[in-house]
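> Give me coordinates for this.
(one chain, ligands or ions: 2)
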Amino acid sequence: MLEVKNLKKSFGSRKVLKGIDLDIKKGEVLGIIGPSGCGKSTLLRCLNLLEKPSDGQIIYNDEVINENTDLGKYRQEVGMVFQQFNLFPHLTVMENITLAPVKLNILTEDEATKAAKRYLKKIDLLDKADSYPNELSGGQKQRVAICRTLVMNPKVILFDEPTSALDPEMIGEVTKLMRDIKEIDFNMTMVIVSHEMNFIKDFCTRVIFLDEGKIIEDGTPKQIFDHPNDEKLQRFLSKINTR
Ligand SMILES: Nc1ncnc2c1ncn2[C@@H]1O[C@H](COP(=O)(O)OP(=O)(O)OP(=O)(O)O)[C@@H](O)[C@H]1O
Ligand SMILES: [Mg+2]
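Ligands and ions are numbered 1, 2, ... in the order given. Reported below is the predicted structural model:
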């Protein structure tokens, strides 16, 4: 569904992604793990074309994605959720959720409002529809940000450390919503960068370990966590387990 061929990305002379090949299948829940600075965020940002790849190809449903692609439409189908939520502080929760689909003519104002209400009800935040982001907790903000992505009716959602800006007691409400997404739409394809190893291990159908801009290992959570082959992955996991 979403394919990456020999993807490279450099910032100046610094090579961050050094040739990534990856075929993400429809309905897959792909976890991406790896040490800080290995290129996880850069990979997700390239997938969403927030960064322009230096080389290689991104192919979505057999179409090459590049500067000629209608990026508004592409990002409707391949949405992204950020660590820092990226909600507009001067807009209410309702306005944050309905802005993009109305502006991009995906939904009418009325349809967008209805859809937003449906999602807000689902996550128990309907009473916050007219609140501003600074009146919400971190977990609530992230759940609103996820609703904002869902209302676009995406086929793929890219999550870049969706819980790492949250206090520990709020992590569960966000991971629960992520699990619920799969319950609502079993075909939703999800790509999740996270340091929540238990969540990755338990929820993902496939995990890749990235190190220094390359995929070092690719397998089921069981293979990656219980039977890691590569020495770098073994070291990475042992550091996490002793933290
Ligand atoms: N816009 C940029 N300009 C220059 N260098 C960048 C830019 N974005 C990322 N980098 C560099 O690319 C490397 C990979 O960064 P990236 O954010 O992808 O890592 P990461 O795996 O997401 O790390 P973390 O786990 O800390 O979020 C880092 O060395 C970073 O400094
Ligand atoms: Mg990152």
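> in this protein, which ranges drop under the pLDDT threshold?
241-243 (pLDDT under 70).
> What is the burial count for the closest residue to ligand 2 within it?
Relative to ligand 2, the nearest point of the chain is Ser41 (3.1 Å; CB to the ion). Heads up, the C-betas are built off the backbone N, CA and C, glycines and all. Other residues near Ser41 come to 19 when the count uses other CB atoms under 10 Å.
> can you tell me which residues contact it?
With contact taken as CB atoms under 8 Å, 6 or more residues apart in numbering, Ser41 is in contact with 160-161, 193.
> Show the contacting residues for Ile59.
Residues near Ile59 by CB under 8 Å, 6+ apart: 2-5, 65.
> typo on my end, it should be Leu177
Contact analysis of Leu177 by CB under 8 Å, 6+ apart lists 123, 143, 146.
> any idea which element it lies in?
Using DSSP states H and E, Leu177 maps to helix 168-184.
> That helix: which residues count as buried?
Neighbour counts using 16 or more other CB atoms under 10 Å place 170-171, 173-175, 177-178, 181 of helix 168-184 among the buried residues.
> doesn't Leu43 make contact with Ile32?
Yes - assessed by CB atoms under 8 Å, Ile32 is found in contact with Leu43 at 6.9 Å.
> phi, psi of Glu217?
The phi and psi values for Glu217, taken as degrees, to the nearest 10, are phi -150, psi 150.
> With adjacent residues omitted, what lies nearest to it?
Computed as CB to CB, 6 or more residues apart in numbering, the closest residue to Glu217 that is not its neighbour in sequence is Phe209, at 4.4 Å.
> any idea which helix or strand carries the residue nearest to the spatial centre of the chain?
Geometric centre of the chain, nearest residue: Phe159, 1.6 Å, by CA atoms, centre = their mean. Applying DSSP H and E as the criterion places Phe159 in strand 156-160.
> tell me the angle that strand makes with helix 168-184.
Using axes from the mean of the first three to the mean of the last three CA atoms, to 10 degrees, the direction of strand 156-160 lies 170 degrees away from that of helix 168-184.
> Tabulate the CA atom coordinates of strand 156-160 in PDB.
Extracted in PDB, the C-alpha atoms of strand 156-160 (Å, rounded to 0.1, in the frame of the first residue of the first chain):
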ATOM      1  CA  VAL A 156      -2.900   5.300   6.800                       C
ATOM      2  CA  ILE A 157      -1.900   7.200  10.000                       C
ATOM      3  CA  LEU A 158       1.700   8.000  10.900                       C
ATOM      4  CA  PHE A 159       2.300   8.500  14.600                       C
ATOM      5  CA  ASP A 160       5.500  10.100  15.700                       C
END
